[in-house]
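> Have a look; sequence and predicted model below, questions after that.
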Amino acid sequence: MTQLMLPFISPGVTNINHLVSVWDSEGLWTYFFGIHPIYSHKSDDQRMFRLTIANLIESGTCRQIEVISAFGISKTCVIRAQRKLRKYGSEEFFIDRRGSRTGGTVLTPKVLERAQRLLDNGLTRKQVAEELQVKYDTLGKAINDGRLKDTFISKCPNTKFERTIIDEKAADGLGTGCTRVVERVFAAFGDNSGASIEFSTCLDVPKGGVLCALPALVSNGLLEGAEQFLGTLKGYYKLYHILLLLAFMALCRIKTVEQIRGYAPGEFGKLMGLDRIRKYAV
């Protein structure tokens, strides 16, 4: 028969749960499982503290909420400690990232090498800064002065600011955002079967999350039999463009066609795989 561990916890200690407790004795924290000491560290040793709470949670001895309530720390701090232990092991908690005491920089060559590796793996600047425990601005300066290369940005050069400039230059011709001039000219003369949907790599596209619903919309028959029941359209915009636009309007809480005026035509066009969308498209 399995013998249960009785919770013999001495007075004056802080209970983490019914079996685990911590005792502060003159600046030394000792953790007990029942009556057995399992960890100890100085009260001001933050690295050992983070390693200890991560071990308690990862081993199943304590839950996150119990640790957070007992020590009054943030959930983010706990999750970061768990992730570090899980990915890199206990030695990661004791890597010195502060540089030399005689004026060395925070981002030493070793830290820069690891930061670049994390950026190459697709992590954002914020995630890398949290992982390395450096300031976000410090990491940004290293990228701006060329010590690091943000591969995510380099792979996605088409930012909203850059697209706005391109769309404004197109205003001298057919209108703001009309960058696919050849297709529009052929469509005007009836020599085009409609604009093709072409997606490109872009950053910070407003309402871009609606694209996550596109597979569900199509699989539920949004476009199935559309031309058979609704007929066909001639010109640049085809029937499936209109149906997708109406679906995206509903997901974006756009109740009327006139409200599309409040959105940049080029930016809404990016959601559709087109150059631009205007209210007269519907």
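Nice, I can see it.

> And the strands in the stretch 101-250 of the chain?
Per DSSP state E, counting those that start in this stretch, the stretch 101-250 of the chain carries no strands over any range.

> Low-confidence bits of it, can you list those?
Residue ranges of the stretch 101-250 of the chain with pLDDT under 70: 101-105, 151-158, 170-174, 192.

> can you do 50?
Low-confidence segments of the stretch 101-250 of the chain (pLDDT under 50): 101-104, 157.

> the helices in it, which residues?
Taking DSSP state H, counting those that start in this stretch as the test, the helices found in the stretch 101-250 of the chain are 109-120, 125-132, 136-144, 151-155, 160-169, 181-188, 214-219, 226-230, 239-251.

> closest to residue 60 out of those?
Residue 60 lies closest to helix 125-132 among the helices of the stretch 101-250 of the chain, at 24.6 Å (C-beta to C-beta). The C-beta positions use only the backbone N, C-alpha and C, and glycine is treated the same way.

> Mind giving me the packing neighbours of that closest one?
helix 109-120, helix 136-144 (3 or more C-beta pairs under 8 Å, 6 or more residues apart in numbering; DSSP states H and E).

> Would you indicate which residues of it are buried?
For helix 125-132, burial by neighbour count (16 or more other C-beta atoms under 10 Å) applies to 125, 128, 129, 130, 131, 132.

> mind putting these in a markdown table, distance to residue 140 included?
Listed next are these as a markdown table, based on distance: C-beta to C-beta, whole Å:
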| residue | distance to residue 140 |
| --- | --- |
| 125 | 6 |
| 128 | 10 |
| 129 | 9 |
| 130 | 14 |
| 131 | 15 |
| 132 | 13 |
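
> out of these, who's nearest residue 237?
Lowest distance from residue 237 to the buried residues of helix 125-132 (C-beta to C-beta) belongs to residue 125, with 38.6 Å.

> now that closest one: how far from residue 80?
16 Å (C-beta to C-beta, to the nearest Å).

> And residue 206, by the same measure?
Noted for residue 206: a distance of 31 Å to residue 80, by C-beta to C-beta.

> more neighbours, the two?
residue 80 (16 against 13; other C-beta atoms under 10 Å).

> so the more buried one sits in a helix?
Yes. Assessed with DSSP: H, G, I helix; E, B strand; the rest coil, residue 80 lies in a helix.

> At the geometric centre of this protein, which residue sits there?
Among the residues of the chain, the one closest to the centroid is residue 124, at 7.3 Å (C-alpha atoms, centre = their mean).

> The nearest residue to residue 53 once chain neighbours are set aside: neighbour count?
Once flanking residues are discounted, residue 53 sits nearest to residue 67: 5.0 Å by C-beta to C-beta, 6 or more residues apart in numbering. Taking other C-beta under 10 Å as the criterion, the count of residues near residue 67 is 24.

> just residue 237 next, same as before
Burial of residue 237 is recorded as 20 neighbouring residues (other C-beta under 10 Å).

> Make sure it is actually in contact with residue 193.
No. Residue 237 is beyond contact range of residue 193, at 11.8 Å (criterion: C-beta atoms under 8 Å).

> contacts for the strand or helix carrying residue 48?
Assigned by DSSP states H and E, residue 48 falls within helix 46-58. Identification of contacts with helix 46-58 by C-beta atoms under 8 Å, 6 or more residues apart in numbering yields 16, 20, 29, 31, 39, 41-42, 62-64, 67, 71, 73, 77-78, 80-82, 84-86, 90, 93-94.

> List the buried residues in that helix.
Within helix 46-58, the residues scored as buried using 16+ other C-beta under 10 Å are 48, 49, 50, 51, 52, 53, 54, 55, 56, 57.

> so which of those comes closest to residue 162?
Distance ranking of the buried residues of helix 46-58 against residue 162, using C-beta to C-beta, places residue 50 first at 41.0 Å.
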